[in-house]
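**Q** Give me a model of this one.
(chains A and B)
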Amino acid sequence: MTGPEYEVVIVGAGPAGISAACVVAETGRDALLIDDNPSPGGQIWREQERHGSNWEAAHWLRRLQLYRVEVLRGATVIDGDPDKHAIVCETANSVSTIRYKKLILATGSRELFLPFPGWTLPNVMGAGGLQALVKAGMPISGKRVVIAGSGPLLLAVGAYLKKQGAHVLAIAEQASWARLARFGLGLPTQPYKLAEAVQLKRALFRVPYHAGAWVEAALGETVLERVRLSLSHRRWEAPCDYLAVGFGLVPNIELAATLGCKLSAGCVQVDPMQQTSASDILSAGETTGIGGVELSLMEGRIAGYSAIGDRLNAQWLFSDRERMRRFARRMQKAFALREELRHLPLEGTLVCRCEDVSYQRIAPMPGWRAAKLHTRCGMGPCQGRVCGPAAEFLFGWHCQSTRAPVFPARIDSLIGHKEE
Amino acid sequence: MSEPVYDVVIAGAGIVGAACAYACSREGLKVAVLERDFIGGGATAAGMGHVVVMDDSEAQFALTRYSQQLWQELASELPADCEYVRTGTLWVAADEEELIEVRRKHQFYSQRKVPSEILDSRSLDAAEPQLRTGLAGALFVKEDAVVYPPCVARYLLERSRDLGARVLLGKEVIRLDDEGAAFEDGTMMKGAVMVNAAGARAASLHPDLPIVPRKGHLLITERYPAFVHHQLIELGYLKSAHKSTADSVAFNVQPRKTGQLLIGSSRQYGMDSPEVDRSILSRMLARAGQYIPSLPGLSALRVWTGLRAATPDNLPLIGRCPGYRHVFAAAGHEGLGITTSLATARLLIDQLMSRAPAISSEPYSVQRNIAVHG
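**A** Numbering: from 1, shown residues only, chains lettered A, B, ... in the order given. Purely as a prediction, here's the structure:
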């Protein structure tokens, strides 16, 4: 099966993928941007194509249109053959092989879920997930919401939900005040970030913000009824309708790993030109390390220049990227997850919710593969995307196993892409 | 403190090593099991997990049938996660020619008191509506079953441990001789009898063992409960599976207790890399699609490969290793290691205890004159 060929194929239409595509397309080269969602924007700019409120998203989405970048929507890349410079793409009713001269992987990140008693109750959600649902039209006005976890996402989600009329009872940040203070002292070197922080603070007026605080349990019979938090010197418990948790983000490295790109510390390893260890495959954005929208846009642009062989323009951006990466590293350090979170699950707390595998069954296993084979942990439809990172945090295992198909695929598609 | 001397030191904690450990422990022997990785992590985890009677040869039949009866005894005590289900096997005949084979097989099994029944085209349709219409018929072998082998291996070793066996994981044996098992760090574990149950790696301990890896691919789907009801194998399997030279694929689908479908099978020689070979995978799935037309629309969750420990005559190697007095082999089970593990353990313990075995152990002797089969 021979498919169409593009000079540059970009997988993932979030900030990194979009900026890379624009850089390539503005030079008149043909670029294909592939995403498994119905519209470009990624997790962070979800729904921005239809009703944009974020100026930055609007700017980049407009450029995408201006340069007539071809966007393949609702398409999942399930496999690839780096030797043949080809990837296999599945859509709702077809499968196709797409060839590239250069491939840019900008597959982003997903939320990290850590198990605690009650985390599988209905209405306990990922912070980003709850925000996405509200953006998609779920009514939140008047609902009582507790937000717990770590990082600036909690504030952003809190501000958004409050604006939509939610009653945000508390925000529990697991990092200590001491760490936050050290981090905060560095903010004046990042005026933009400082302004953002001040804005968020204003938006969250009168919302209790606790540092050194974490969720101990979500309580309820069949649905979330109450939340129990551990604050520095006391316990806090209150009835609530939604619990939004966000312990950070996990890079989506599965496709890169399947294509043979080297990883380091759970991220795709890249050189200064955003080139991975696999030839003609580049990577940009959260896939190479969690760093936020600005860094993703920057890395995307560099990857775009790199892909078309424009070293000079890429190098212009190196110092900006370095500054952003330094900031990202400081942030990672400030919001590093505390030891206590490893001890939240009780014996019966589920770790793998696809296959209903409890903590006590997984804990005695010698490693991830043994846990998978003996308990079915990570064997369900998500293929360990949720419980793998959790088990990595809880037990210190190496939980990556990557094999095609990268996502569950129709058997049809696996028959179809036979080699010539 | 010096290591004690064990009665039996077993290299390999796959299903065969585990079954041997359990059989020896039950005789009151002091057993140690050494595993370089974890329990049931090799071919035990990679295979389909069927407990089937086969009749390529009288010897294969005797071993599989004996072992199947041992499985039936064990089944009642197996925990739920071992997923023992007596699905039966339907040997599907595509045409008249294959139907002749159905009749021959039926007669063979009837003479040996293995319950089986011939289904005509219509009753096959009724039994498995997902199969394409117009197939000639099938042989229903009623006592065949499927299990989830890694958990069975773990269960057998847990029971062995209850009886005093020692199971050491992460312990790679680099030499297994009349003294005992030697490890990389220069230490040894001494035993009166050593058993090589290292599966596809058995020949790396004893290069004289005529074992070569035969690679296979499998695919598991998402959950489609009651999509098929029996283990389904094409009769063409007999024509394709045991040619020892060319790569081959055959239609083989199992319903799992989880509602998932396990789809096989492929056979490739001369490959020991774990990578998925996309072209043979494609052939294997296309073959399955010829029998189950709706199968290509199902969602595939995972694809993996495994290495079968194949011998030239497709029979395992059970008994004393040539050149040794105290070293025994229990290896070379090809695609039937799950089925024949329990009988292998019985034949081994009977030899160790100098008892008459329930079936002749001669055809599986390591020193047999191995004729190339097929």
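
**Q** CA atoms for contacts and neighbours, from now on please.
**A** Will do.

**Q** Would you mind measuring from residue A:273 to residue A:159?
**A** 36 Å (CA to CA, to the nearest Å).

**Q** and what of residue A:169?
**A** On the measure of CA to CA, residue A:169 and residue A:159 end up 12 Å apart.

**Q** what about residue 290, neighbour count?
**A** By default, I'm working from chain A. Per other CA atoms under 10 Å in any protein chain shown, the neighbour tally for residue A:290 reads 22.

**Q** Not quite, go with chain B.
**A** 14.

**Q** Residue B:121 too?
**A** 18.

**Q** now residue B:225
**A** Neighbours around residue B:225, by other CA under 10 Å: 14.

**Q** May I ask you to confirm that it is in contact with residue B:254?
**A** No - taking contacts as CA atoms under 8 Å, residue B:225 lies outside contact range of residue B:254: 11.6 Å.

**Q** Work out for me the element residue A:47 sits within.
**A** Using DSSP states H and E, residue A:47 is not contained in any helix or strand.

**Q** Residue A:58 versus that one, what's the distance?
**A** 11 Å.

**Q** Show the contacting residues for the residue in the stretch 251-400 of chain A that chain B sits nearest to.
**A** Closest residue of the stretch 251-400 of chain A to chain B, CA to the nearest CA: residue A:374 (5.8 Å). Residue A:374 makes contact with B:150-151 under the criterion CA atoms under 8 Å, 6 or more residues apart in numbering or on different chains.

**Q** which SS class is it?
**A** Assigned by DSSP: H, G, I helix; E, B strand; the rest coil, the conformation of residue A:374 is helix.

**Q** Could you measure from it over to residue A:361?
**A** From residue A:374 to residue A:361 the distance is 9 Å (CA to CA).

**Q** got the contact list for the residue nearest to residue B:184 when sequence neighbours are not counted?
**A** Take residue B:184 and drop its neighbours on the chain: the residue closest to it by CA to CA, 6 or more residues apart in numbering or on different chains is residue B:174, 6.3 Å away. By CA under 8 Å, 6+ apart, residue B:174 lies in contact with B:181-184, B:205.

**Q** Pairing partners for the strand or helix carrying residue B:174, with directions?
**A** Using DSSP H and E, residue B:174 maps to strand B:173-176. Sheet pairing of strand B:173-176 (DSSP bridges) gives strand B:180-183 (antiparallel).

**Q** pLDDT of the partner strand, averaged?
**A** What strand B:180-183 shows for mean pLDDT is 96.

**Q** what's the spacing between that strand and its chain's center?
**A** Remark: strand B:180-183 is offset 27 Å from the chain centroid, using CA atoms, centre = their mean, to the nearest Å.

**Q** Just the buried positions in it, please.
**A** For strand B:180-183, the buried set under the neighbour-count rule, 16 or more other CA atoms under 10 Å in any protein chain shown, comprises B:180-182.

**Q** Do stretch A:385-396 and chain B come into contact?
**A** No - judged by CA under 8 Å from any CA of the partner chain, stretch A:385-396 and chain B are separated, with a smallest distance of 12.9 Å.

**Q** tell me the mean pLDDT for that stretch?
**A** 94.

**Q** what does stretch B:274-288 give?
**A** 93.

**Q** What are the buried residues along that stretch?
**A** For stretch B:274-288, using 16+ other CA under 10 Å, the buried residues are B:276-278, B:280-288.

**Q** Spell out which parts of chain B neighbour chain A.
**A** So far as CA under 8 Å from any CA goes, chain B lies against chain A at B:38-39, B:41, B:45, B:150-151, B:222, B:278-279, B:281-283, B:285-286, B:295-304.

**Q** just the buried members of those?
**A** The neighbour count (16+ other CA under 10 Å) marks B:38-39, B:41, B:45, B:150-151, B:222, B:278, B:281-283, B:285-286, B:295-296, B:298-304 as buried among those.

**Q** Show me the shaky parts of the chain.
**A** By default, I'm working from chain A. Within chain A, the ranges that satisfy pLDDT under 70 run A:1-2, A:51-52, A:185-195, A:417-420.

**Q** um, chain B though
**A** B:1-3, B:237-245, B:371-374.

**Q** how about 50 then?
**A** By pLDDT under 50, the weakly predicted segments of chain B are B:1, B:373-374.

**Q** got the contact list for stretch B:163-172?
**A** Against stretch B:163-172 from outside (CA under 8 Å, 6+ apart): B:21, B:25-26, B:28, B:30-39, B:157, B:161, B:183-184.

**Q** The same query, at a cut-off of 10 Å, please.
**A** Here stretch B:163-172 makes contact (CA atoms under 10 Å, 6 or more residues apart in numbering or on different chains) with A:366, B:6, B:8-13, B:18, B:21-22, B:24-39, B:157-161, B:181-185.

**Q** May I have that stretch exported as PDB, CA atoms only?
**A** Output of stretch B:163-172 as PDB, limited to C-alpha atoms (Å, rounded to 0.1, in the frame of the first residue of the first chain):
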ATOM      1  CA  LEU B 163       5.300 -27.700  50.900                       C
ATOM      2  CA  GLY B 164       8.700 -26.300  51.600                       C
ATOM      3  CA  ALA B 165      10.100 -25.400  48.200                       C
ATOM      4  CA  ARG B 166      12.200 -22.400  47.700                       C
ATOM      5  CA  VAL B 167      11.600 -20.100  44.700                       C
ATOM      6  CA  LEU B 168      14.300 -17.600  43.800                       C
ATOM      7  CA  LEU B 169      13.400 -15.000  41.300                       C
ATOM      8  CA  GLY B 170      15.900 -12.800  39.500                       C
ATOM      9  CA  LYS B 171      18.500 -15.600  39.700                       C
ATOM     10  CA  GLU B 172      20.000 -16.600  36.400                       C
END
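
**Q** How about the residue nearest in space to the middle of chain B: what's its closest non-neighbour residue?
**A** The structure's chain B has its C-alpha centroid closest to residue B:337; by CA atoms, centre = their mean the separation is 2.3 Å. Spatial nearest neighbour of residue B:337, excluding adjacent residues (CA to CA, 6+ apart): residue B:16 at 7.0 Å.

**Q** So that neighbour, which state does it fall into?
**A** Under three-state DSSP, residue B:16 falls in the helix class.

**Q** which residues do residue A:47 and residue A:58 both contact?
**A** With CA under 10 Å, 6+ apart as the test, residue A:47 and residue A:58 both reach residue A:41.

**Q** follow-up on the earlier one: which ones among the residues of chain B next to chain A are found in strands?
**A** B:222, B:299-304 (DSSP state E).

**Q** How about the residues of chain A by chain B?
**A** By CA under 10 Å from any CA of the partner chain, the residues of chain A that approach chain B are A:79, A:81, A:93, A:355, A:365-367, A:369-370, A:373-376, A:379-383, A:402-420.

**Q** Please pick the buried ones from those residues.
**A** A:79, A:81, A:355, A:365-367, A:369-370, A:373-376, A:379-383, A:402-417.

**Q** At which residues are the helices of chain B located?
**A** Using DSSP state H, the helices of chain B run over B:15-26, B:43-46, B:58-75, B:96-111, B:121-127, B:149-162, B:202-205, B:236-241, B:278-291, B:337-352.

**Q** what is the orientation angle of the last one with helix B:15-26?
**A** In terms of direction (axes from the mean of the first three to the mean of the last three CA atoms, to 10 degrees), helix B:337-352 departs from helix B:15-26 by 40 degrees.

**Q** What is helix B:337-352 packed up against?
**A** helix B:15-26, helix B:43-46, strand B:50-51, helix B:58-75, strand B:145-146, helix B:149-162, strand B:317-320, strand B:327-331 (3 or more CA pairs under 10 Å, 6 or more residues apart in numbering or on different chains; DSSP states H and E).

**Q** ok, the residue sitting nearest the centre point of chain A - contacts?
**A** The centroid of chain A falls nearest to residue A:109 when counting by CA atoms, centre = their mean (2.2 Å). Under the criterion of CA under 10 Å, 6+ apart, the contact list for residue A:109 reads A:42-43, A:248-253, A:285-290.
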